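Trainee: dropping a prediction and its sequence here:
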Amino acid sequence: MDITTVISTLLRDGFILVFNQDKLDIVKTAQALLAAGIGNMEVTCRIRQPLEKLARLRKELPAFVAGAASLIDWPGMLKVYNQAHADDPLPTLQQVADAGACYLVSAVNFSDAGYEKFAGRMAMIPGCGSATEIVTQFGKGANLCKVFPAKELGGPAFVEAVDPALHKMISLVPTGGTNAANIPDYINAGVLVMGGSFSMIEKATMQKIVAEQDYKLLAKELAAAKQLIDAARAKKYPGLDFARASLAEISQKTGRNFNVR
């Protein structure tokens with residue numbers, strides 16, 4: 001899947017679901033997202049057998065934009081971790097790419113070697129915690145920059161504070177603590193896409209979804225988040241239809257650059 005299609009899908013959706021739930025079926029979850037009007041999600045490598053699940057998702061829903069997340073692109077740390085977790089090791093960037101990942105996400109920065117191999121070929125969303133990290137990672141080839149952990153960094157106030165230093169050019173993806181209450185504030189701060197896990201759903205409702213494998217209810221909850229994002233973006237950017245606009249049009253009207261050449 002080409003990089004323009006991937007980034008266009010993320011921008012159209014305005015939301016990246018962090019799939020970190022071993023008790024839910026990955027394909028049925030993706031189908032719930034599609035029913036909610038969302039065509040992507042990131043599969044974290046913190047779940048069991050992430051490569052197998054990612055490959056199955058890409059095989060059964062080839063048009064769905066599946067990313068891989070919780071990646072460690074630093075060989076030294078990866079080696080130490082995998083020696084301690086030989087029964088369920090973390091995959092490399094190459095392994096998730098081979099399994100069919102359409103984009104790469106990390107909670108931390110990607111390495112220079114990672115950019116040399118994948119920048120321009122696959123969408124890359126590194127985790128950043130400062131304006132310097134954001135600018136540095138973007139300069140190496142990042143397409144969007146994940147703000148993580150967003151809540152602990154200051155939430156919408158952090159985004160609003162660092163954005164001028166970025167000349168309001170780099171698209172930030174706050175992840176961690178995003179919810180219905182702060183989605184409008186993030187959009188007002190200039191965010192186009194945000195990440196969120198199942199913790200966005202009320203606890204009792206989520207327990208029901210898991211216990212009963214109720215994917216219709218999951219779709220309903222996800223649709224509510226999507227509608228909130230769409231409403232906030234329509235207010236922030238009147239006249240810009242994210243569902244139909246090209247990447248170039250979104251860039252022109254929002255001022256954001258997505259590092260696609």
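Mentor: Everything's here; your move.
Trainee: could you list the buried residues of the helix or strand where Val96 lies?
Mentor: In the assignment (DSSP states H and E), Val96 maps to helix 93-98. The neighbour-count check on helix 93-98 (16 or more other C-beta atoms under 10 Å) flags 93, 95-97 as buried. (Glycine included, C-beta is placed from N, CA and C.)
Trainee: can you redo those as JSON lines with distance to Glu42?
Mentor: Putting the buried residues of helix 93-98 into JSON lines (distance: C-beta to C-beta, whole Å) gives the following:
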{"residue": "Leu93", "distance to Glu42": "14"}
{"residue": "Gln95", "distance to Glu42": "16"}
{"residue": "Val96", "distance to Glu42": "11"}
{"residue": "Ala97", "distance to Glu42": "14"}
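Trainee: coming back round to it: and the helix holding Val96, what other elements does it pack with?
Mentor: helix 50-60, strand 103-105, helix 112-118 (3 or more C-beta pairs under 8 Å, 6 or more residues apart in numbering; DSSP states H and E).
Trainee: which other residues reach it?
Mentor: 45, 50-51, 54, 68, 71, 73, 104, 110, 114, 117-118, 122 (C-beta atoms under 8 Å, 6 or more residues apart in numbering).
Trainee: name the member of the buried residues of helix 93-98 with the shortest distance to Ser130.
Mentor: Distances from Ser130 to the buried residues of helix 93-98, taken as C-beta to C-beta, are shortest for Leu93 (23.0 Å).
Trainee: the nearest residue to Met41 once chain neighbours are set aside: which element?
Mentor: Counting by C-beta to C-beta, 6 or more residues apart in numbering, Met41 lies nearest to Leu17, which is 4.0 Å off, once chain neighbours are set aside. Assigned by DSSP H and E, Leu17 belongs to strand 15-19.
Trainee: how big is the angle separating that strand from helix 50-60?
Mentor: 130 degrees (axes from the mean of the first three to the mean of the last three C-alpha atoms, to 10 degrees).
Trainee: and strand 15-19, what does it pack onto?
Mentor: The contact analysis (3+ C-beta pairs under 8 Å, 6+ apart) places strand 15-19 against helix 26-35, strand 40-44, strand 194-196, helix 215-236.
Trainee: can you show me the CA trace of it as PDB?
Mentor: Extracted as PDB, the C-alpha positions of strand 15-19 are listed here (Å, rounded to 0.1, in the frame of the first residue of the first chain):
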ATOM      1  CA  PHE A  15      -8.200   8.600  14.700                       C
ATOM      2  CA  ILE A  16      -5.900   5.700  15.200                       C
ATOM      3  CA  LEU A  17      -7.200   2.900  17.400                       C
ATOM      4  CA  VAL A  18      -4.400   1.300  19.500                       C
ATOM      5  CA  PHE A  19      -5.300  -2.400  19.300                       C
END
